[in-house]
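Asker: From the sequence below, what's the structure:
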Amino acid sequence: VHIAESGGGLVQPGGSLRLSCVASGFTASPRYMSWYRQAPGTERALVATIATVDGSTNYADFVKGRFTISRDNGKNAVYLQMNNLKPEDAAVYSCSVTLWFSGTIYWGQGTQVTVSS
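Answerer: I've put the predicted structure just below:
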């Protein structure tokens, strides 16, 4: 199983970033693909989730209206478009994949997002 995130970096407040996550090597299809984030000294928090079958989404209140999650089932990929970034959005963003049937969850290594002027 391999999960690779990309797209993190340094951005000024009000700026945008697009994170990508590509997953491979699963024995079953992904059911949900999600983005989480964790800032130093805090617990990991769910940012957004997308269901692979129907594309239904769920967002944390702190990103609603600013972030958009999308997926490409053919590539087993999930994306996170982040707009109007705030300093409090700075964190390591990690991708997770939940499989059908077993419910097994796999995690990527994460990508750092820094929001600073």
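Asker: could you show me where the strands are in this structure, in order?
Answerer: With DSSP state E as the criterion, the chain has strands at 2-6, 9-11, 17-24, 30-38, 45-51, 57-59, 67-72, 77-82, 91-99, 105-107, 111-115.
Asker: Just list the residues touching Ser34, thanks.
Answerer: Leu46, Val47, Ala48, Thr49, Ile50, Val78, Cys95, Ser96, Val97, Thr98 (C-beta atoms under 8 Å, 6 or more residues apart in numbering). C-beta here means a position set from N, CA and C on the backbone, and glycine is covered the same way.
Asker: Okay, and the beta partners of it?
Answerer: Thr49, Ser96 (DSSP bridges).
Asker: And the pLDDT at the residue positioned nearest the centre of the chain?
Answerer: Taking C-alpha atoms, centre = their mean, the centroid of the chain lies closest to Trp35, which sits 2.5 Å from it. In the prediction, the pLDDT value recorded for Trp35 is 98.
Asker: Does it touch Met82 like I think?
Answerer: No: here Trp35 does not reach Met82: they are 9.4 Å apart, not a contact under C-beta atoms under 8 Å.
Asker: Pull up the overlap in contacts between those two.
Answerer: Leu19.
Asker: Count the residues that sit near the closest residue to the residue nearest to the centre of the chain other than its chain neighbours.
Answerer: Sequence neighbours aside, Val47 is the residue nearest to Trp35 in space, at 4.4 Å (criterion: C-beta to C-beta, 6 or more residues apart in numbering). Counted with other C-beta atoms under 10 Å, the neighbours of Val47 add up to 23.
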